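1. Please work out how this folds:
(4 chains)
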Number of protein chains: 2
Amino acid sequence: MSTRDALVEATADLLWERGYSATSPAMILARSGAGQGSMYHHFRGKADLARAAMQHAADEMTTGLETADDPSLPALERVRAFLGSLRDPLRGCRIGRLVQDAEVVDDDDLRGVADQYLHGLEQWVTDVLDAGRAAGELRPDADTAAAAAMVVAVVQGGFVLARARQDAAPQQAAVRGALAALDALAV
Amino acid sequence: MSTRDALVEATADLLWERGYSATSPAMILARSGAGQGSMYHHFRGKADLARAAMQHAADEMTTGLETADDPSLPALERVRAFLGSLRDPLRGCRIGRLVQDAEVVDDDDLRGVADQYLHGLEQWVTDVLDAGRAAGELRPDADTAAAAAMVVAVVQGGFVLARARQDAAPQQAAVRGALAALDALAV
DNA sequence: GTCTATATAATGATAGAC
DNA sequence: GTCTATCATTATATAGAC
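-> All right, here's what the predicted structure looks like:
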């Protein structure tokens, strides 16, 4: 693996564990094994490296979602599979947790990566539900955009509850509530 | 206002704006007008002061919820009123946003305040829905605990989506989806 | 491209006068 | 109880050798 890639992966891991503000260049160098100079050779600074790391994480998650998805299944099964694929509830969402950081939100480059990922996720759920509605699986008057936003919010909010409790149960309960809501949209 | 109260309020504001890790004692002193010595006289350090500030914010929000609530209304109206009372979607939840901070989660005192607030909120929604179910307003088989977890998660996750987009719309859409789900629980 | 040495500022906390 | 002065440490970045 190139030094550049090692820097990106170490940063992505640290952003997941500690967030942006609490991750220092010194930690990144220690974990990646690179020296000071390499980091400032490949990137303009901490923010530039974090942007690359966030994009790396978002790309991995988006690819994972598309790989696991089977478009031939009924819409509610596809969304159920997504909600069942949540991992590491105590660690939180690799992207969603970062938007609580003021420095991330104040930097349009960093915030933009997060917004693009979350918006893409919401759009994917909307598209799946729209396909299900078109196939006659869901009620014709179902508000698919609202349901999709609810699903993505439940996932992100579930991470918040799980971290506060240090227990996956609250997120699982919230997901159960979301699934009951989706079942109510079926014909 | 006492110097101690000024420190607590300034800290509560800064935690809301910047989170825990990114808030420094220097910022707290500048905003409160207190000197270094006063802070370390009244509190053992940054964590101790933050714990008091988080408790202050949680108490204010819990009091606000109970004051605005009218137990004589139908259950779904009471939950709808709560979901309609969300303010400052771009600023996030004064408590929920802090649990993304590794330093907060690693400190059981700080995390405990957050967990207690969020758990109390979830319990309030559960109690309201249980009362509605007992009054025959909701289906007898409604999973009120799951619905309550879903509602609180939608609020917290809605803040995440709103901050990423820098627009209240995603949170409003998620709340709309949650309300549709609650309506489906009515008899 | 990579490294070590260094610079400047900020962080969290302490000392001790008033 | 409040203040200023100061401390050791860390954060982010630059300089310049190899």
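
2. show me the contacts for A:Ala147.
-> For A:Ala147, the contact set (CB atoms under 8 Å, 6 or more residues apart in numbering or on different chains) comprises A:Val125, A:Leu129, A:Ala181, A:Leu182, A:Leu185, B:Gly177, B:Ala180. Where you see a C-beta, it was placed from the backbone N, CA and C, and this is true even at glycine.

3. Check the gap between it and B:Phe82 for me.
-> Distance check for A:Ala147 against B:Phe82: by CB to CB, to the nearest Å, it reads 20 Å.

4. need the helices for chain A, in chain order.
-> A:3-18, A:25-32, A:36-42, A:46-68, A:75-84, A:102-105, A:108-134, A:144-165, A:169-183 (DSSP state H).

5. Pop the domain breakdown of chain A in here.
-> A:1-56, A:69-187 (automatic domain parsing).

6. I'd like the distance from the shortest one to the chain centre, please.
-> Which is domain A:1-56. 19 Å (CA atoms, centre = their mean, to the nearest Å).

7. can it be found next to chain B?
-> Yes. Using CB under 8 Å from any CB of the partner chain, domain A:1-56 reaches chain B at A:Glu17, A:Arg18, A:Gly19, A:Ser21, A:Ala22.

8. returning to what we had before: of all the domains of chain A, which lies closest to DNA strand D?
-> Closest to DNA strand D of those is domain A:1-56 (CB to the nearest atom of the strand; 3.1 Å).

9. number of nearby residues for A:Ala169?
-> 12 (other CB atoms under 10 Å in any protein chain shown).

10. if I look at it, how far off is chain B?
-> Here the criterion is CB to the nearest CB, to the nearest Å. By it, A:Ala169 lies 9 Å from chain B.

11. can you check A:Ala134 too?
-> Distance from A:Ala134 to chain B, by CB to the nearest CB: 19 Å.

12. pLDDT at that residue, what is it?
-> Predicted confidence (pLDDT) for A:Ala134: 98.

13. And for A:Met1?
-> In this model, A:Met1 carries a pLDDT of 87.

14. Could you find the closest non-adjacent residue to it?
-> A:Glu9 (7.6 Å; CB to CB, 6 or more residues apart in numbering or on different chains).

15. Likewise for A:Ala169?
-> A:Ala162 is the one closest to A:Ala169 (CB to CB, 6+ apart), at 7.7 Å.

16. was I right about that neighbour contacting A:Gln171?
-> Yes. Between A:Ala162 and A:Gln171 there is a contact under CB atoms under 8 Å: 4.3 Å.

17. which neighbours do the two share?
-> Listed as contacting both A:Ala162 and A:Gln171 by CB under 8 Å, 6+ apart are A:Pro89.

18. Distance check, the residue nearest to A:Met1 against A:Leu90.
-> Separation of A:Glu9 from A:Leu90 (CB to CB): 21 Å.

19. So for the two, which residue has more residues nearby?
-> Using other CB under 10 Å, the more surrounded residue of A:Glu9 and A:Leu90 is A:Glu9, with 16 against 13.

20. list the contacts for the more buried one?
-> Contacts of A:Glu9 (CB under 8 Å, 6+ apart): A:Met1, A:Ser32, A:Ala53, A:His56.

21. Per-residue pLDDT of the nearest residue to A:Val125 once chain neighbours are set aside, please?
-> Of all residues beyond its chain neighbours, the one nearest A:Val125 is A:Ala148 (3.8 Å), with distances taken as CB to CB, 6+ apart. As predicted, A:Ala148 sits at a pLDDT of 98.

22. what do you get for A:Gln36?
-> At A:Gln36, pLDDT is 91.

23. Burial check on the residue in chain A that DNA strand C sits nearest to, number of neighbours?
-> Residue nearest to DNA strand C within chain A (CB to the nearest atom of the strand): A:Gly37, separated by 1.3 Å. A:Gly37 is flanked by 9 other residues according to other CB under 10 Å.

24. Could you measure from it over to A:Arg44?
-> A:Gly37 sits 14 Å away from A:Arg44, going by CB to CB.

25. Repeat that for A:Leu182.
-> A:Leu182 is 44 Å from A:Arg44, by CB to CB.

26. Who has more neighbours out of the two?
-> A:Leu182 (24 against 10).
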